[in-house]
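Peer 1: What would the 3D arrangement of this be:
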Amino acid sequence: MTRELTVVALIVFVTSLFTRSVDPVIPQIADGLSVEIATAALLSTAFALPYAIVQPVLGALADMMSKTRLMTVCLVLLVVSAAVSAVAPNYIVLMASRVVAGIAAGGIFPIALAAAGDRVPVKMRQVAIGRLLAAAMIGNLMGASVAGVIGDLAGWRAVFAVTGALGVLVVIAAFAGFRAVPKEETTGFDLSTLGPNYRAIFGNPLAKICFGAVFFEALFLFGLFPHMAALLLESGEGRASIAGTVLAGFGAGAIVYTFVVGWLLSRVGESRLMLGGGLIMALCYVMVSLRLPWPVEFAVFLLMGFGFYWLHGCIQVYATELAPAARGSAMALHSAFFFLGQAAGPVAYGVGFAYLGKTPMLLIGAAIIALTGYVCSRNLRRAPVTT
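Peer 2: Model (predicted):
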């Protein structure tokens, strides 16, 4: 990776800390702010929904202006939101700070993928994106596991304080690192490009497959994550550190994927990767429905993270080529649908658990995830491209 992409990976890493660090301490937040656990779980929706909604705007800004500058500004906002979360006097203020965090985070990871698409030829792009995913997944892993430990030792407010402090360090690194890289070629602020850019994206017949697939992935996969601490609590395991460890298994599996993605592509091929990824995740959800001991749950989440990127990694590469001249907008829409799914997921699982039961809802999720992998494997095909 170039020096610029190395700095981008560092920003992606610290942003990912913010994304999953709340999940292990949901029961603590509920207890500390005197709200129901199901209500506290909506903090994930408060982060994901604005993340999704702002994507069309942030993607357009990234195409018109500097991607690195936009990521830096968003990172500063993310740090401010963490400071507010750490001292939030009530649930409303905490919810509002997570909304701001979601908006700010929305200007980082999808723009990072677009930056990689601008600088890396398509034949090498899956590996470059895999490295950015590694940064994101290490952040997810540490965000979940370390947050659980911090929550047990010092309470949920300390989680926000620590992640905010790490964010400050990365802001300093970003200012220093981006100053040394060449300036990007941009079109300048021009609203007249919005219509043509989005028409080009949706004019590609693969757009509906890419965007629809990541929506269902996120809804039925990540929708479970905010509920895992409560599920473990029902099984007698109330330690936030254990919930964080189980969730961190997903990140660990994703990191394993980044080391073998080149080998998998050459030996398995994209179509089988997408089909296999859907089937692996479906199997994992069936195993979660069995309510196994937490060390087994950790192994299940590790396998789930590994299988997730078999499918998701392929979809991301196709998304970068939907409209090369509007890559920032395309990746922003990709993330918009992905985080719309994440926003709806906790609500869907909350309702499903209440009215259908936990096992039926998990099995429904497994079936839809498997179907998503099958549809992608049948419909996503690479057309000849130039590098």
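
Peer 1: In this structure Tyr51 contacts Gly107, no?
Peer 2: No. In this structure Tyr51 lies outside contact range of Gly107 using C-beta atoms under 8 Å: 9.3 Å. No exception for glycine: its C-beta is placed from N, CA and C like everyone else's.

Peer 1: For Trp294, grab the count of nearby residues.
Peer 2: Counted with other C-beta atoms under 10 Å, the neighbours of Trp294 add up to 17.

Peer 1: same deal with Val76?
Peer 2: Per other C-beta under 10 Å, the neighbour tally for Val76 reads 15.

Peer 1: Just the pLDDT at it, thanks.
Peer 2: On the pLDDT scale, Val76 is placed at 93.

Peer 1: and it, what does it touch?
Peer 2: Val171 (C-beta atoms under 8 Å, 6 or more residues apart in numbering).

Peer 1: Helix or strand: which one has it?
Peer 2: In the assignment (DSSP states H and E), Val76 maps to helix 67-86.

Peer 1: Please apply the same query to Gly167.
Peer 2: With DSSP H and E as criterion, Gly167 is part of helix 156-179.

Peer 1: which of the residues in that helix are buried?
Peer 2: 156-157, 159-164, 166-167, 170-171, 174, 177-178 (16 or more other C-beta atoms under 10 Å).

Peer 1: which helices and strands sit right next to it?
Peer 2: Applying 3 or more C-beta pairs under 8 Å, 6 or more residues apart in numbering; DSSP states H and E, we find helix 156-179 packed against helix 3-20, helix 26-33, helix 67-86, helix 122-154.

Peer 1: And the helices in the stretch 251-387 of the chain, which stretches?
Peer 2: Remark: helices assigned in the stretch 251-387 of the chain by DSSP state H, counting those that start in this stretch are 270-288, 294-320, 327-355, 358-379.

Peer 1: could you give the angle of the first one to helix 358-379?
Peer 2: For helix 270-288 and helix 358-379, the angle between their directions (axes from the mean of the first three to the mean of the last three C-alpha atoms, to 10 degrees) works out to 180 degrees.

Peer 1: State the mean pLDDT of the helix or strand following the helix holding Gly167.
Peer 2: Stepping forward along the backbone from helix 156-179, the first helix or strand reached (DSSP H and E) is helix 194-203. The predicted model assigns helix 194-203 a mean pLDDT of 78.

Peer 1: Ok, stretch 254-272 next?
Peer 2: Mean predicted confidence for stretch 254-272 is 82.

Peer 1: Same question for stretch 311-329.
Peer 2: In this model, stretch 311-329 carries a mean pLDDT of 81.

Peer 1: ends of it, how far apart?
Peer 2: Stretch 311-329 has an end-to-end distance of 22 Å (C-alpha to C-alpha, to the nearest Å).

Peer 1: Buried residues, it. List them.
Peer 2: Neighbour-count burial for stretch 311-329, counted by 16+ other C-beta under 10 Å, picks out 311-323, 326-329.

Peer 1: Which helix or strand contains Val35?
Peer 2: Following DSSP H and E, there is no helix or strand that holds Val35.

Peer 1: where does this structure dip in pLDDT?
Peer 2: Applying pLDDT under 70 to the chain flags residues 1-3, 63, 65, 117-127, 180-194, 328, 382-387.

Peer 1: if I look at the closest residue to Val256 other than its chain neighbours, how far off is Ala48?
Peer 2: Nearest non-adjacent residue to Val256, counting by C-beta to C-beta, 6 or more residues apart in numbering: Phe306, 5.4 Å away. Phe306 sits at a distance of 23 Å from Ala48 (criterion: C-beta to C-beta, to the nearest Å).

Peer 1: Compare these two (neighbour count), which wins?
Peer 2: Shown here are Phe306 and Ala48; by other C-beta under 10 Å, Ala48 has more neighbours (28 against 22).
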